[in-house]
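> okay, structure incoming, though there's no sequence with it:
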Ligand SMILES: [Zn+2]
């Protein structure tokens, strides 16, 4: 199974929640090792989740996911994810 950036983004919140199966998690880990864009996205998404946990707010604000994807699309236009 091979996954690309869009797949990783789809599964980021599930990955952080530990809600992905073993095989998928391994694929995402592998992807993150060679993809700077997804590593950065994962880091910033984790930060958001941690901040939200500190405030004891576990609900993702409306539109968050949509804005994230727009941001990711912008990143892809400037980033080089070949490899
Ligand atoms: Zn990627």
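Everything's here; your move. Just so it is clear, the structure is predicted and the values come from calculations on it, not from any experiment. Numbers count the residues shown, from 1 in each chain.
> how close does residue 23 get to the ion?
From residue 23 across to the ion, the span is 18 Å (C-beta to the ion, to the nearest Å). All C-beta spots, glycine's among them, are computed from the backbone N, C-alpha and C.
> mind listing what's buried along the helix or strand harbouring that residue?
According to DSSP states H and E, residue 23 maps onto helix 22-34. Along helix 22-34, these residues count as buried under the neighbour rule (16 or more other C-beta atoms under 10 Å): 24, 27, 28, 31, 32.
> what's the distance between residue 14 and residue 25?
To residue 25, residue 14 is 9 Å away according to C-beta to C-beta, to the nearest Å.
> next one: the longest helix along the chain to chain centre, how far?
In terms of residue count, the longest helix belonging to the chain (DSSP state H) is helix 36-54. With C-alpha atoms, centre = their mean, to the nearest Å as the basis, helix 36-54 stands 8 Å off its chain's centre.
> what packs against the next helix or strand after that helix?
Next along the chain after helix 36-54, taking DSSP H and E as the criterion, comes helix 64-78. When contacts are defined as 3 or more C-beta pairs under 8 Å, 6 or more residues apart in numbering; DSSP states H and E, helix 64-78 sits against helix 5-16, helix 36-54.
> tell me the mean pLDDT for the shortest one?
The one in question is helix 5-16. Confidence over helix 5-16 (mean pLDDT, whole number) is 91.
> right, is the lowest-mean-pLDDT helix or strand in the chain up against the ion?
Least confident helix or strand of the chain, by mean pLDDT, DSSP states H and E, is helix 64-78 with a mean of 74. No - judged by C-beta under 5 Å from the ion, helix 64-78 stays clear of the ion, getting no closer than 8.9 Å.
> neighbouring contacts of that helix?
Residues outside helix 64-78 that contact it (C-beta atoms under 8 Å, 6 or more residues apart in numbering) are 5, 9, 13, 37, 40, 41, 45, 48.
> in it, what counts as buried?
Using 16+ other C-beta under 10 Å as the test for burial, helix 64-78 gives 68, 72, 75.
> report the central residue of the protein.
The structure's the chain has its C-alpha centroid closest to residue 12; by C-alpha atoms, centre = their mean the separation is 3.6 Å.
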